[in-house]
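Student: Sharing a model prediction with you, sequence too.
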Amino acid sequence: MGIKRTPLYEEHLKLGAKMVDFAGWEMPIQYSGITDEHLSVRNDVGIFDVSHMGEILIEGSDALAFVQNLVTNDVSKLVNQQVQYTLMCYEDGGVVDDLLVYRYDEFKILLVVNASNADKDFEWVVRHIGEYRVKTTNLSDSYGQVAVQGPNAEKIVQTLTNYDLTQIKFFFFTELEMNGSHFIVSRTGYTGEDGFEIYGEPKDIINLWQKFINLGVKPIALGARDTLRFEASLPLYGDEISDKITPLEASLGYFVKLDTDFIGKAALVKQKEAGLKRKLVGIKLLSKGILRHGYPVYNQDHQEIGNITTGYLLPDYEFAVALAIVETNYTNIGEKVLVGIRNKVYEAEVINKKFMDKKYKK
Amino acid sequence: MKVVQGLYYSKEHEWVRVEGEYAYIGITDYAQHSLGDIVFVELPEVDDELTVDDSFSVVESVKAASDVYTPVSGVIVEANIILEVEPQLLNQNPYENWIVKLELDDLNELDKLMNSEEYQKFCEKQ
């Protein structure tokens, strides 16, 4: 299968983006530079092409029960037009993917999944239909998607619609007219800032993107998307969660409701009862340098106790910080550990993994 | 993309400026541009002996760590410690900010490197 392009591919080239292969998609990795893009979202507003994300529509009389069986969070708590962050697990508790659940009503639910897992997820969902009366449709190629994120997101998006955006609360969505076309708009994102994720027909997404760019909204590429989500301690599949790391180990227990029934529950109950052997923590490097995914973490006796899942030297930080999954004995804040960077070992410290306060409008 | 005359260039996008028996080594404009925002430079120790193609420094952008290889052999006589506090100088002015100064072992090694015209053409083909 050839490399895929989003509806905004030509727009990225026009903006001089540096393009890379990301999960089979030809995507922008940076426009003006990761630091500049990161700070634009923190201080103003930026727009992301996230059309590569996967969308799976679940319809039918058993839609709600079917989704409940697939995900760790409690979807019965959702009202119409509400969105929920959740995870799908394998029987052994490892993660299939993390995703957003959009409830239109109890008979129609949209799942928004990671691009890198979209095909695997769709197969997983279909495989579990069994006796459930549902119809599943892979809409990944029908939607374009942009995210507008930052403290000025609401102000700028409001200029393109008559719909009062203050009516869309945090983790809710609506369907509305914007820029003369029809879109699904949710107050969600992956940056720790206020903002919206906007789904629409590919041609409408292109027009909307051009409109925002002409309004002076900075385009933000995958490089800064990762530094932004990391600074907000939001997990990325393949780093903080994977088929080898359960949601409990990744400190995502809040999104795992063990009083519901779902695939993988038994394994997670067992893991919780036995006590977690490892956990996700924040790490600060005490000297200059940068911690990267996969670097080993050691105790003071130089025994390996875990590894770095994501790390960066973020804009305006004096020292590199990282997320790491380490043995539970070493997860107290202030714990002194060692990290391996190439062939040397450096001092580091366990810190609160909340690197910044999220600025959601709730 | 800028190429400066009078320097030697490697296929790995390092430049070499020769002064007598000494050589200053840095990364080219092409290299800094493809790396993106440089936020950390790991420097080698003075007196380390390098042979051609040894990695002597690691330049880290926000996104990734990249080794810098020496195109010539020699002993390190100085590392540019300014880069430890201002790594972004490699983005801003890559040809003025060398990473190491070597005492060259063998001036003949320079014959294997490109001149500015050859390097310009090499980059255009990348």
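Tutor: It's in.
Student: Work out which residue lies at the spatial centre of chain B.
Tutor: residue B:26 (2.4 Å; CA atoms, centre = their mean).
Student: that's a strand at that residue, yeah?
Tutor: Yes - using DSSP: H, G, I helix; E, B strand; the rest coil, the secondary structure at residue B:26 is a strand.
Student: Can you read off the pLDDT for the closest residue in space to it that isn't next to it in sequence?
Tutor: Distances taken as CB to CB, 6 or more residues apart in numbering or on different chains place residue B:98 nearest to residue B:26, at 4.4 Å, with adjacent residues excluded. Every residue, glycine included, has its C-beta placed from N, CA and C. Residue B:98 is assigned 98 on the pLDDT scale.
Student: Residue B:98 and residue B:24 touch, don't they?
Tutor: Yes - between residue B:98 and residue B:24 a contact is recorded at 3.8 Å, counting by CB atoms under 8 Å.
Student: Now do the shared contacts for these two.
Tutor: Counting by CB atoms under 8 Å, 6 or more residues apart in numbering or on different chains, the residues touching both residue B:98 and residue B:24 are residue B:17.
Student: Quick one: neighbours of the residue nearest to residue B:26, just the number.
Tutor: Other residues lying near residue B:98 total 21 when counted by other CB atoms under 10 Å in any protein chain shown.
Student: Okay, it and residue A:122: tell me how far apart.
Tutor: 53 Å (CB to CB, to the nearest Å).
Student: do the same with residue A:226
Tutor: Look at residue A:226 and residue A:122: by CB to CB, they are 24 Å apart.
Student: Flag every buried residue along the helix or strand in which residue A:273 is found.
Tutor: In this assignment (DSSP states H and E), residue A:273 forms part of helix A:265-274. For helix A:265-274, burial by neighbour count (16 or more other CB atoms under 10 Å in any protein chain shown) applies to A:265, A:267-268, A:271.
Student: so what pLDDT did residue B:68 get?
Tutor: pLDDT, residue B:68: 96.
Student: Go ahead and confirm it touches residue B:58.
Tutor: Yes - contact criterion CB under 8 Å: residue B:68 and residue B:58 qualify, at 7.0 Å.
Student: In terms of neighbours, single out the busier of those two.
Tutor: residue B:68 (23 against 18).
Student: Off-centre distance for the longest helix along chain B?
Tutor: Longest helix in chain B, counting residues (DSSP state H): helix B:116-124. Put simply, helix B:116-124 sits 16 Å off its chain's centre (CA atoms, centre = their mean, to the nearest Å).
Student: now swap in stretch B:63-76 and tell me
Tutor: That offset, for stretch B:63-76, works out to 7 Å (CA atoms, centre = their mean).
Student: can you give me the end-to-end distance of it?
Tutor: Length of stretch B:63-76, first residue to last, CA to CA, to the nearest Å: 28 Å.
Student: sorry, back to before: how about the secondary structure of the residue nearest to residue B:26?
Tutor: Here residue B:98 is coil, with the state taken from three-state DSSP.
Student: Can you give me every residue that contacts it?
Tutor: Residue B:98 touches B:17, B:24-26, B:80, counting by CB under 8 Å, 6+ apart.
Student: out of these, who's nearest residue A:296?
Tutor: Set against residue A:296, the nearest of these by CB to CB is residue B:80 (29.7 Å).
Student: Which residue ranges of the stretch 251-362 of chain A form strands?
Tutor: A:278-285, A:296-298, A:304-312, A:321-327, A:336-341, A:344-351 (DSSP state E, counting those that start in this stretch).
Student: now chain B
Tutor: Along chain B, counting by DSSP state E, strands occupy B:8-9, B:14-19, B:22-27, B:38-42, B:49-50, B:55-61, B:65-69, B:74-79, B:100-104.
Student: mind giving me a markdown table with the ones you listed and columns for distance to residue A:69?
Tutor: Converted to a markdown table, those look like this (distance: least, CB to CB, whole Å):
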| stretch | distance to residue A:69 |
| --- | --- |
| strand B:8-9 | 61 |
| strand B:14-19 | 57 |
| strand B:22-27 | 54 |
| strand B:38-42 | 45 |
| strand B:49-50 | 61 |
| strand B:55-61 | 44 |
| strand B:65-69 | 43 |
| strand B:74-79 | 60 |
| strand B:100-104 | 60 |
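Student: is it true that the residue nearest to the centre of chain B touches residue B:99?
Tutor: Yes - between residue B:26 and residue B:99 a contact is recorded at 5.3 Å, counting by CB under 8 Å.
Student: Now do residue B:74 against residue B:103, distance only.
Tutor: Residue B:74 is 5 Å from residue B:103, by CB to CB.
Student: same deal with residue A:175?
Tutor: For residue A:175, the distance to residue B:103 - CB to CB - is 70 Å.
Student: now residue A:202
Tutor: Note on residue A:202: its distance to residue B:103, by CB to CB, is 60 Å.
Student: Low-confidence bits of the stretch 1-150 of chain A, can you list those?
Tutor: A:1 (pLDDT under 70).
Student: show me the biggest strand of chain A in terms of residues.
Tutor: strand A:95-105.
Student: Mind checking what helix or strand follows that strand in sequence?
Tutor: Per DSSP H and E, strand A:95-105 leads on to strand A:108-113 as the next helix or strand towards the C-terminus.
Student: coming back round to it: can you dump the C-alpha atoms of the longest helix of chain B in PDB for me?
Tutor: Taking Å, rounded to 0.1, in the frame of the first residue of the first chain, the C-alpha atoms of helix B:116-124 are listed here in PDB:
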ATOM      1  CA  SER B 116      32.400  24.600  -2.100                       C
ATOM      2  CA  GLU B 117      31.300  24.200  -5.800                       C
ATOM      3  CA  GLU B 118      31.300  20.400  -5.500                       C
ATOM      4  CA  TYR B 119      29.400  20.600  -2.200                       C
ATOM      5  CA  GLN B 120      26.800  23.000  -3.600                       C
ATOM      6  CA  LYS B 121      26.100  20.500  -6.400                       C
ATOM      7  CA  PHE B 122      26.100  17.600  -4.000                       C
ATOM      8  CA  CYS B 123      23.300  19.300  -1.900                       C
ATOM      9  CA  GLU B 124      21.200  20.100  -4.900                       C
END
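Student: tell me the contacts of whichever residue of chain B sits closest to chain A?
Tutor: Going by CB to the nearest CB, chain A is nearest to residue B:62 of chain B, at 4.2 Å. Shown in contact with residue B:62 (CB under 8 Å, 6+ apart): A:34-35, A:223, A:227, A:312-313, B:36-37, B:39.
Student: now with 6 Å?
Tutor: In this structure, residue B:62 makes contact with A:34, B:37, B:39, judged by CB atoms under 6 Å, 6 or more residues apart in numbering or on different chains.
Student: right, and the second one touches residue A:34 too?
Tutor: Yes - because the distance of 5.5 Å satisfies CB atoms under 6 Å, residue B:37 is recorded as touching residue A:34.
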